[in-house]
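Student: Structural data only, the sequence is not supplied:
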């Protein structure tokens, strides 16, 4: 996994930019979408900083213009549309293994429109459904009145697990332990945030 020049990346002042680490190693970054014309100059800059993959979480506001802009500067592009309710579970389930593989490859920049809510949901789904991941992600968009809220994350995750077929579980690398681990990982996700931010639900 190639290293990311974090100083160069942070110097770009991308709104809501935050580094994503695992085992004390920076594997990627999250922030606002770079899809607007005013921000597309940043695509080449993030590539020079060690970003090789862009994960676009936008759903209804997606077009081919941004994917083409990514590819023109040599960035891999993955569309993983997600929101708290509109994107069909079946579509998320179908794309989930490739999404997880892209995250695990490192060197990624993941973004929704604001870099907050949908990004939290996507990273939470990766933690819950990838058996190789053990560290919960840090959530930045799910605060309300000084408290963390998980309703849309857990509703989406719960809806997905009830629609997973055996073949889907195999594709994700799970066996019959998934149902037990699903509950465990939801609790771990909640506890990590509350410990990290020093707040309670």
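Tutor: Everything's here; your move. Small disclaimer: the values here were computed from a predicted structure and weren't measured.

Student: what residues are up against residue 135?
Tutor: 22-23, 127 (C-beta atoms under 8 Å, 6 or more residues apart in numbering). All C-beta spots, glycine's among them, are computed from the backbone N, C-alpha and C.

Student: Mind picking the lowest-pLDDT entry from these?
Tutor: Ranked by pLDDT, those bottom out at residue 23, which has 89.

Student: Secondary structure element holding the residue nearest in space to the middle of the chain?
Tutor: When C-alpha atoms, centre = their mean is applied to the chain, the residue found nearest the centroid is residue 123 (3.4 Å). Assigned by DSSP states H and E, residue 123 belongs to helix 117-129.

Student: just checking, what packs against that helix?
Tutor: helix 89-104, strand 108-112, helix 151-163, helix 178-197 (3 or more C-beta pairs under 8 Å, 6 or more residues apart in numbering; DSSP states H and E).

Student: Could you dump those into TSV and include mean pLDDT, distance to residue 55 and mean neighbour count?
Tutor: Putting the helices and strands packed on helix 117-129 into TSV (pLDDT from 0 to 100; distance: least, C-beta to C-beta, whole Å; neighbours: other C-beta atoms under 10 Å) gives the following:
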stretch	mean pLDDT	distance to residue 55	mean neighbour count
helix 89-104	97	6	17
strand 108-112	97	4	27
helix 151-163	94	17	16
helix 178-197	92	19	15
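
Student: Now tabulate the ones you listed in TSV and tack on distance to residue 68.
Tutor: Converted to TSV, the helices and strands packed on helix 117-129 look like this (distance: least, C-beta to C-beta, whole Å):
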stretch	distance to residue 68
helix 89-104	18
strand 108-112	17
helix 151-163	29
helix 178-197	35
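
Student: for these, which one sits closest to residue 54?
Tutor: strand 108-112 (5.3 Å; C-beta to C-beta).

Student: what distance separates the start and the end of stretch 70-90?
Tutor: 27 Å (C-alpha to C-alpha, to the nearest Å).

Student: gap between the strand or helix carrying residue 47 and the chain center?
Tutor: Assigned by DSSP H and E, residue 47 falls within helix 42-48. From the chain centre to the centre of helix 42-48 is a distance of 19 Å (C-alpha atoms, centre = their mean, to the nearest Å).

Student: Please pick the buried ones from the contacts of residue 135.
Tutor: Using 16 or more other C-beta atoms under 10 Å as the burial test, the contacts of residue 135 include residue 127 as buried.

Student: Residue 56 is nearest to which of the helices and strands packed on helix 117-129?
Tutor: strand 108-112 (6.8 Å).

Student: From the contact counts, what lies against the worst-scoring helix or strand of the chain on mean pLDDT?
Tutor: In the chain, no helix or strand scores lower on mean pLDDT, DSSP states H and E than strand 143-144, which sits at a mean of 76. Using 3+ C-beta pairs under 8 Å, 6+ apart, no helix or strand is in contact with strand 143-144.
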